[in-house]
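**Student:** build me a model from this:
(one chain, ligands or ions: 4)
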Amino acid sequence: MYSTEEQTTRTTGEVTELDQVEYPLMEDFYTIQGEGAHTGSAAYFIRLAGCDVKCWWCDVKDSWDESKHPRVKTGDIVKRAKESGTRLAVITGGEPLLHNLEPLTIRLRQEGFSVHIETSGSSPLSGHLDWITLSPKRFKEPLDEVFPYVDELKVVVLKKKDLEWAEKNAVKCPKGTRLLLQPEWETPESVNLIVEYVKKNPRWGISLQTHKFMNVP
Ligand SMILES: C[S@@+](CC[C@H](N)C(=O)[O-])C[C@H]1O[C@@H](n2cnc3c(N)ncnc32)[C@H](O)[C@@H]1O
Ligand SMILES: Nc1nc2[nH]cc(C(=O)O)c2c(=O)[nH]1
Ligand code: SF4
Ligand SMILES: [Mg+2]
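**Tutor:** Ligands and ions are numbered 1, 2, ... in the order given. This is a model prediction of the structure:
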C-alpha cells in the first residue's frame with residue numbers, strides 16, 4: 001500500500017477538477033489479470049503511454065512513444081472503468097510512474113476501486129496504490145525509494161543472470177513480499193530454468209502470462 005500525504009486533506013468536492021486531468025492513454029480494457037499474485041481476477045486495465053526503460057523484449061513497445069497516443073481525461077477513464085462492473089483497476093503502461101497518478105488514483109478510490117500498479121520502479125511513486133507489483137529492469141534500475149512499498153516482486157527471466165538480478169532485488173523488498181519469476185514469453189527455455197530454481201529456492205514462485213494462453217487481452 002502506498003499513499004501520498006495529500007490523501008488525508010484531499011477528499012470529495014474536487015471531483016470535477018480531478019476529472020479534467022489528462023493522461024496519455026494507449027488503451028483501457030476489461031479483462032482478467034493474467035500475471036502475478038492476483039492472476040484470475042477480473043480487472044480494468046489502464047495502459048498509460050510513455051516508457052523510459054525500453055526493454056528489448058517488451059511485449060508492448062507501441063506504448064513507448066507518448067506522442068502517438070491521445071490524452072484522455074481522468075473522468076472518462078474512470079467512467080469506463082466503472083461501467084465494466086469490476087472494482088479492481090490495474091494501472092500499467094508503458095511506465096505508469098512517468099505520470100503523476102494522484103488525480104487518477106484518487107478518483108478510482110472514490111469510486112470504490114482497489115488500485116493496483118505494474119511498474120519497473122524507474123520513477124518515484126505517486127498516488128494511492130493498494131498493490132504494487134515491481135518488475136525491476138537492469139536497463140534502468142528501480143529507485144531505492146520504491147522498495148519499501150513493494151507487495152510483489154515479479155522478475156522477467158530469460159537466462160541464469162536474471163536469477164541473480166532477482167535475488168539482488170529481493171533483498172531490498174519488505175519481508176513478506178511475494179517473490180515471483182516470470183518467463184520471458186518468447187524464451188521458452190527459461191521455463192525449465194525457473195522450474196529448477198523454484199524447486200531449490202521455494203520462497204520464489206512462478207508467474208505465467210496466463211492471458212496469452214487464454215487469448216484474452
Ligand atoms: C508491459 S509492462 C508495463 C509496466 C511496467 N513498465 C513494467 O515493466 O513493470 C507489464 C509487465 O509485463 C512484463 N513483460 C513485458 N514484456 C514481457 C515479455 N516479453 N515476457 C514476459 N513478461 C513481460 C513486465 O516485466 C511487467 O511485469
Ligand atoms: N490480462 C493481462 N494481464 C496483465 N497483467 C499485467 C499486464 C500488463 O501488461 O501490465 C497484463 C496484460 O496486458 N493483460
Ligand atoms: S519497462 Fe515495462 S513497458 Fe517499459 S519496456 Fe520494459 S516491460 Fe516494456
Ligand atoms: Mg501485458
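**Student:** when you work out contacts or count neighbours from here on, use the C-alpha atoms and nothing else.
**Tutor:** Noted.
**Student:** report how many residues lie close to residue 98.
**Tutor:** Residue 98 is flanked by 20 other residues according to other C-alpha atoms under 10 Å.
**Student:** show residues contacting the least confident helix or strand in the chain by mean pLDDT.
**Tutor:** Of all helical and strand segments in the chain, the minimum by mean pLDDT, DSSP states H and E falls on strand 2-3, at a mean of 92. Applying C-alpha atoms under 8 Å, 6 or more residues apart in numbering, the contact partners of strand 2-3 are 125-132, 149.
**Student:** that strand pairs with which strands, parallel or anti?
**Tutor:** strand 128-129 (antiparallel) (DSSP bridges).
**Student:** centre of the chain to the partner strand, how far?
**Tutor:** Distance, stretch centre to chain centre, for strand 128-129: 12 Å (C-alpha atoms, centre = their mean, to the nearest Å).
**Student:** which SSE is immediately downstream of it?
**Tutor:** Next in sequence after strand 128-129, counting helices and strands by DSSP states H and E, comes strand 131-134.
**Student:** any idea of the mean pLDDT for that following strand?
**Tutor:** Averaged across strand 131-134, the pLDDT comes to 99.
**Student:** could you point out which element follows that strand?
**Tutor:** Immediately after strand 131-134, counting by DSSP H and E, sits strand 152-157.
**Student:** what's that following strand packed up against?
**Tutor:** Packing partners of strand 152-157 (3 or more C-alpha pairs under 8 Å, 6 or more residues apart in numbering; DSSP states H and E): strand 131-134, helix 160-170, strand 178-183.
**Student:** got those as a markdown table, with mean neighbour count columns?
**Tutor:** As requested, those are exported to a markdown table (neighbours: other C-alpha atoms under 10 Å):
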| stretch | mean neighbour count |
| --- | --- |
| strand 131-134 | 23 |
| helix 160-170 | 16 |
| strand 178-183 | 23 |
